[in-house]
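# Here's a sequence, model it:
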Amino acid sequence: MTSTSLRPGRAWIITPGLHRDRFASAQRSGAAVTVVDIEDSVALPDKQTARTASEAFFALPAPPCTLGIRMNSLTTIDGIKDLVALTAYTTRPDLIVVPKVESPRDIELVAAALDTDGYTPDIWALIESPRAFDTLPAIMRAARLGGVIFGSADYAATVRCGLGWDTLRYARSALINAATAANIPAIDAPTWELDDPGILRRDAERAKELGFHGKGCVHPRHVKVINDVFTPTAEEITQARAIVAAADASGGTVTTVGGRMRGTPFFNAARALVAEVDRTP
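Now for the predicted structure:
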């Protein structure tokens, strides 16, 4: 598949490359993006097995979502082996997730290895280290970068901080600011509490409020909550259409809608939401 800025949707799910029995259910979980993982979920002795098994992930018939792979870091021999293997896959990923990105060179190397006349996958960077945050502006300028994903677990482990929302608010905000400046989408990290939908919903709501395009997950039962949170509600759509109508009626000058003052920033946000809703099938 040839891809240019897929801007895929709200829920992303990742599934281990060693577990072929989970491939079909992950793809049909309702997530917009399904990623097979041959990095953190696979022990070193099993990397080659996962690399080989994961090719079947992309050969399943009629996938209802964007299909991706999380390769190993390019600073490891397994990352290099992954690129070699991917060039030989009969059916290739729509999307490549590159972990431990700390330089635009990481994105450029993946593109150089995989791009052909008939195949240019979306390349997404996992931002998960303090050094990556120090070089965010440069990373965001990589020509083939399709989007960024926050890697909360690795970041917190490196910083030796907790995984709580308030603890990681700065990192999330910095990532959103840089991604927005580069006009690329950002996806939030998964919520690691698997059995508490209340925590998941709060995390998803906070991620949406900060400006994330969507959120990752590691279990299919998280998909519906994420989709529910990130899908505009009927009330939000109605309000946005009212603001657009008011903007048109006022000629783009400051006006009031529902007793609230509204001007250019509100008009732009409302138009963006309406455009998104109207182009969604």
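
# Give the buried residues for stretch 116-132.
Taking 16 or more other CB atoms under 10 Å as the basis for neighbour counts, the residues of stretch 116-132 that come out buried are 121-129, 132. C-betas here are computed from N, CA, C, even on glycine.

# Average pLDDT for that stretch, rounded please.
Here the mean pLDDT over stretch 116-132 is 96, rounded to a whole number.

# how long is that stretch from one end to the other?
With CA to CA, to the nearest Å as the measure, stretch 116-132 spans 28 Å from end to end.

# same question, stretch 62-79
Distances were taken as CA to CA; on that basis the terminal residues of stretch 62-79 are 28 Å apart.

# Report the buried residues of it.
Using 16+ other CB under 10 Å as the burial criterion, the residues of stretch 62-79 that qualify are 63, 65-74, 76, 78-79.

# same question, stretch 146-156
Neighbour counts over stretch 146-156 (16+ other CB under 10 Å) mark 146-152, 154-156 as buried.

# just the strands in the stretch 1-150 of the chain please.
Per DSSP state E, counting those that start in this stretch, the stretch 1-150 of the chain carries strands over the ranges 11-16, 33-37, 66-70, 95-98, 122-127, 145-150.

# quick one on the thing from earlier: of the buried residues of stretch 146-156, which is the nearest to residue 236?
Sorting the buried residues of stretch 146-156 by distance to residue 236 puts residue 147 at the head of the list, at 23.0 Å, by CB to CB.

# Can you give me every residue that contacts the closest one?
Residue 147 makes contact with 7, 122, 124-125, 179, 184-187, 213 under the criterion CB atoms under 8 Å, 6 or more residues apart in numbering.

# follow-up on the earlier one: grab the two from the buried residues of stretch 116-132 that are most spread out in space.
The largest distance within these, taken as CB to CB, falls between 121 and 129 and amounts to 23.4 Å.

# which residue packs closest to the residue nearest to the spatial centre of the chain, ignoring adjacent ones?
In the chain, the centroid-proximal residue (CA atoms, centre = their mean) is residue 187; its distance is 3.5 Å. Spatial nearest neighbour of residue 187, chain neighbours left out: residue 149 (4.6 Å); criterion: CB to CB, 6 or more residues apart in numbering.

# Figure out how far stretch 244-256 is from the centre of its chain.
For stretch 244-256, the separation from the chain centroid amounts to 34 Å (computed by CA atoms, centre = their mean, to the nearest Å).
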